[in-house]
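Engineer: For reference, the sequence and a predicted model appear below.
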Amino acid sequence: MNELALKDLLYKLADDQLILGHRNSEWTGFGPILEEDIAFSSMAQDKLGHSLAFYTLLHELGEAEPDTVAFTRNAEQFHNSQLVELPNGEYDFSLIRHFLYDNAEIIRFEMLSQSGYEPIAKVATKLKGEVKYHVLHANTWIKNLGASTEEAILRLQASLNEALPYALGMFEKSKYEQELIEAGVYAGEEAVKAEWLNRIQTVLAKTELKLPALESIEPVLGGRYGVHTEHLQPLLSEMSEVFDIDPTAEW
């Protein structure tokens with residue numbers, strides 16, 4: 001199997017988890033209720049752990065140590081989708097992003113647990129149980145709030161409309177897409193997207209929320225290959241602040 005193709009896949013998995021983990025951690029101490037403060041903090045910790053698992057696989061393929069990879073690259077060297085780097089905004093936007101992202105991520109992990117590349121399959125099998133609870137949390141809140149007050153429904157709908165073009169960017173195809181599919185490493189982005197649409201529409205059907213017509217939406221692409229918003233570099237600088245003080249420190 002072409003190592004460049006494997007690295008391409010692993011970097012997007014790891015970078016998504018790292019960046020969204022840090023965005024979720026920003027809710028610590030600021031959640032709308034204590035339960036949500038704890039929930040987003042817990043999910044943030046999980047996602048940072050997931051990123052470490054994938055950076056470790058990259059290290060085994062010859063890339064730098066996980067801390068070096070996570071904390072010394074600039075924005076244009078990151079492979080995360082633009083969805084995960086957007087500021088949290090109000091809780092309704094973070095909740096919609098959580099719903100859209102984690103429903104895609106559980107599908108990736110389910111598919112990767114069947115991967116022909118055993119190291120990825122082992123990691124995905126181990127981690128998908130944690131993501132299952134993230135999805136349960138997101139779906140429960142979307143169903144509850146999406147069928148509640150007029151204000152809640154209007155705010156969630158506005159956030160869904162705003163986030164969807166970025167969410168579609170999660171499925172940006174790899175340069176090695178066909179090679180990964182043919183090698184049995186990964187089912188591919190179109191397969192993930194199709195199942196994702198089925199699952200999120202099933203949840204939304206239990207609410208007053210409506211999925212905008214996809215044919216009228218232009219996906220926000222480029223994040224997988226270094227094209228990012230103005231928000232990513234400041235986040236990276238904040239994330240690496242302690243590491244930059246003494247990169248050789250043992251913690």
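Structural biologist: Alright, I've got the coordinates. Residues are numbered from 1 along each chain as shown.
Engineer: Need the three-state assignment for Ser148.
Structural biologist: Recorded secondary structure, Ser148: coil (DSSP: H, G, I helix; E, B strand; the rest coil).
Engineer: And it, what's its pLDDT?
Structural biologist: For Ser148, the model assigns a pLDDT of 94.
Engineer: element containing the nearest residue to Gln17 once chain neighbours are set aside, please.
Structural biologist: Leaving out its chain neighbours, the residue that sits closest to Gln17 by CB to CB, 6 or more residues apart in numbering is Ser51, at 3.9 Å. Heads up, the C-betas are built off the backbone N, CA and C, glycines and all. Taking DSSP states H and E as the definition, Ser51 sits inside helix 34-60.
Engineer: other SSEs contacting that helix?
Structural biologist: helix 3-25, helix 66-71, helix 91-112, helix 118-145 (3 or more CB pairs under 8 Å, 6 or more residues apart in numbering; DSSP states H and E).
Engineer: For the stretch 101-250 of the chain, give me the ranges with low pLDDT.
Structural biologist: For the stretch 101-250 of the chain, the stretches flagged by pLDDT under 70 are 241-250.
Engineer: Which of the residues in stretch 146-162 are classified as buried?
Structural biologist: 146, 152-153, 155-157, 159-160, 162 (16 or more other CB atoms under 10 Å).
Engineer: picking that back up, mind checking how far the residue nearest to Gln17 is from Leu127?
Structural biologist: According to CB to CB, to the nearest Å, Ser51 and Leu127 sit 10 Å apart.
Engineer: so how many other residues sit close to the residue nearest to Val84 when sequence neighbours are not counted?
Structural biologist: Distances taken as CB to CB, 6+ apart place Leu20 nearest to Val84, at 4.0 Å, with adjacent residues excluded. Neighbour count of Leu20, defined by other CB atoms under 10 Å: 27.
Engineer: you'd agree Leu20 is up against Leu48?
Structural biologist: No: the pair Leu20 / Leu48 is not scored as a contact, 9.5 Å apart, by CB atoms under 8 Å.
Engineer: any shared contact partners between those two?
Structural biologist: Here Leu20 and Leu48 have no joint contacts, going by CB atoms under 8 Å, 6 or more residues apart in numbering.
Engineer: of the helices and strands packed on helix 34-60, which approaches Ile200 most closely?
Structural biologist: Smallest distance to Ile200 across these (CB to CB): 5.4 Å, for helix 91-112.
Engineer: Which strands or helices does that closest one pack on?
Structural biologist: Helix 91-112 packs on helix 3-25, helix 34-60, helix 82-85, helix 118-145, helix 150-168, helix 189-204, going by 3+ CB pairs under 8 Å, 6+ apart.
Engineer: what distance separates the fourth one from the middle of the whole chain?
Structural biologist: What it means is helix 118-145. 11 Å (CA atoms, centre = their mean, to the nearest Å).
Engineer: Any figure for the gap between Gly222 and Phe78?
Structural biologist: For Gly222, the distance to Phe78 - CB to CB - is 11 Å.
Engineer: what is in contact with these two at once?
Structural biologist: What both Gly222 and Phe78 touch, as defined by CB under 8 Å, 6+ apart, is the set His228.
Engineer: and the closest residue to Gly89 other than its chain neighbours, what does it touch?
Structural biologist: Once flanking residues are discounted, Gly89 sits nearest to Ser159: 7.7 Å by CB to CB, 6+ apart. Contacts of Ser159 were listed using CB under 8 Å, 6+ apart, and they are 89-90, 92-93, 95-97.
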